[in-house]
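**Q** Sequence and predicted structure below; questions after.
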Amino acid sequence: MVLPTNAAARFSVLGPVLTVTLKDPEPSSFSSSEGSGGGEKWLNLNNLRPNLLWSIESRSKPLPNWLPSLTSLKANLGYQYDARFKNVPSYVEADAKFHEPKTNLDLQIQPSYDFRSRRASWLVQLLSNQKAYLMAKLGSGGSGGQANKKQAKWLQLIRACYQLDLPYASVGAVRATPTWNLQTGEPSCVLEGMTGSQRTKAVLNLEYQNPTLTVVHSVSDRHVISPEISLYNARIVYQWNIRLDSGSIRTQVDPTSAVHVTWTDKSMTGNWVTDFRLPLAGTTLSALAADVRVRRQFSF
């Protein structure tokens with residue numbers, strides 16, 4: 001098959017993107033050298049957790065002559081170092097979007113395959129007018145026993161969504177998203193109410209194990225606050241997201257657990273990602289010690 005001369009311009013390639021986690025190593029993180037009698041040590045590669053990601057994405061319709069309904073196509077290939085599976089990739093996933101102008105329906109298919117667990121999954125979503133959709137997740141394969149393989153071949157999840165627009169400034173839209181997880185047998189439903197300005201949104205998540213109520217408010221174009229209260233045990237979690245010119249800062253405060261701050265700083269060759277966690281629960285100095293981790297994402 002001969003590709004047209006402008007075929008290369010229809011796709012953009014990103015990668016490999018290398019991400020490593022740098023932290024103060026513990027004594028167990030080192031391995032002893034056999035030749036030095038245990039005196040010489042080096043850092044175990046497992047503790048750096050290197051990740052590689054390759055991505056290819058279409059800039060326009062990938063196949064306008066053969067498949068005009070295909071509007072976009074994206075594929076990712078990921079590799080996470082593991083001493084047991086260091087010679088095989090971790091996963092491969094794709095995302096294909098279709099649009100039918102006559103019915104104004106959008107179809108999205110997301111197949112993925114995990115090489116290490118030998119599990120495949122398909123996520124199929126049918127969208128109508130950006131206000132209603134029906135989604136189903138299917139899975140197959142697996143390296144477990146025969147019972148696990150048989151269970152994984154069936155439908156795993158069903159989700160639907162419908163949004164009703166209202167002509168009011170106080171409540172501009174109401175959205176309901178029921179979900180049925182067939183693997184766990186637990187139903188759930190998310191109810192959302194948005195103001196006419198779309199700056200404030202109330203989210204009632206009727207999850208089976210831990211239902212929550214969240215209020216998301218855009219203080220400005222850069223600052224978003226979203227306190228969350230658990231309807232099960234009344235625990236309150238505060239979240240604050242800041243969008244910067246060169247990245248973002250996300251802060252999550254759980255008074256019963258810890259303060260977690262993630263700072264993403266973009267650069268010309270990748271991103272610096274710093275994770276800071278300060279425990280708020282504990283009675284010893286070691287339990288209250290802060291944990292700082294720095295990840296570097298390299299783009300080649």
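**A** Okay, I see it.

**Q** Low-confidence bits of the chain, can you list those?
**A** Within the chain, the stretches with pLDDT under 70 are 1-8, 21-47, 141-153, 299-300.

**Q** One more pass at 50, please.
**A** Residues of the chain that meet the criterion pLDDT under 50 lie in 1-5, 7, 27-41, 144-152.

**Q** Help me confirm that residue 257 comes into contact with residue 278.
**A** No. Look at residue 257 against residue 278 with C-beta atoms under 8 Å: they stay out of range, at 10.2 Å. The way it works is simple: take the backbone N, C-alpha and C, and place the C-beta from them, glycine included.

**Q** mind checking which helix or strand residue 197 is in?
**A** Assigned by DSSP states H and E, residue 197 belongs to neither a helix nor a strand.

**Q** who's in contact with residue 138?
**A** Contacts for residue 138 (C-beta atoms under 8 Å, 6 or more residues apart in numbering) come out as 121, 122, 124, 154, 155, 156.

**Q** ok, it to residue 74 distance?
**A** Distance of residue 138 to residue 74, computed by C-beta to C-beta, to the nearest Å: 20 Å.

**Q** circling back to that earlier point, rebuild the contacts of residue 138 as CSV, extending it with secondary structure.
**A** As requested, the contacts of residue 138 are exported to CSV (DSSP: H, G, I helix; E, B strand; the rest coil):
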residue, secondary structure
121, strand
122, strand
124, strand
154, coil
155, strand
156, strand
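
**Q** Okay, and the beta partners of residue 259?
**A** Beta-bridge partners recorded for residue 259 (DSSP bridges): residue 253, residue 278.

**Q** what's the burial count for it?
**A** Number of residues near residue 259 (other C-beta atoms under 10 Å) recorded here: 16.

**Q** thinking it is in contact with residue 275, fair?
**A** No. At 11.6 Å, residue 259 does not count as touching residue 275 under the criterion of C-beta under 8 Å.

**Q** Mind giving me the ChimeraX select for the contacts of residue 138, buried ones only?
**A** The buried residues among the contacts of residue 138 can be selected in ChimeraX (16 or more other C-beta atoms under 10 Å) with this line:
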select :121,156
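
**Q** wait, isn't residue 154 in contact with residue 182?
**A** Yes. Using C-beta under 8 Å, residue 154 makes contact with residue 182 at a distance of 7.0 Å.

**Q** Where do the strands of the stretch 51-200 of the chain begin and end?
**A** Counting by DSSP state E, counting those that start in this stretch, the stretch 51-200 of the chain has strands at residues 51-58, 70-80, 91-100, 105-114, 119-128, 132-141, 155-165, 173-181, 186-194, 200-205.

**Q** can I get the ones you listed in JSON lines with distance to residue 253?
**A** Listed next are the strands of the stretch 51-200 of the chain as JSON lines, based on distance: least, C-beta to C-beta, whole Å:
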{"stretch": "strand 51-58", "distance to residue 253": "28"}
{"stretch": "strand 70-80", "distance to residue 253": "30"}
{"stretch": "strand 91-100", "distance to residue 253": "33"}
{"stretch": "strand 105-114", "distance to residue 253": "33"}
{"stretch": "strand 119-128", "distance to residue 253": "33"}
{"stretch": "strand 132-141", "distance to residue 253": "32"}
{"stretch": "strand 155-165", "distance to residue 253": "30"}
{"stretch": "strand 173-181", "distance to residue 253": "27"}
{"stretch": "strand 186-194", "distance to residue 253": "23"}
{"stretch": "strand 200-205", "distance to residue 253": "18"}
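
**Q** Those strands: which one's closest to residue 293?
**A** strand 51-58 (13.7 Å; C-beta to C-beta).

**Q** Packing partners of that closest one?
**A** strand 11-22, strand 70-80 (3 or more C-beta pairs under 8 Å, 6 or more residues apart in numbering; DSSP states H and E).

**Q** quick one: strands adjacent to the longest one?
**A** When pairs are called by DSSP bridges, strand 11-22 turns out to pair with strand 51-58 (antiparallel), strand 291-299 (antiparallel).

**Q** Check these for me and report the most buried one.
**A** Using mean count of other C-beta atoms under 10 Å, the stretch among the strands paired with strand 11-22 with the largest mean neighbour count is strand 51-58, at a mean of 17.

**Q** Name whatever forms a beta bridge with residue 192.
**A** Beta-bridge partners, per DSSP bridges, of residue 192: residue 175, residue 203.

**Q** Pull up the gap between residue 98 and residue 55, please.
**A** Separation of residue 98 from residue 55 (C-beta to C-beta): 20 Å.
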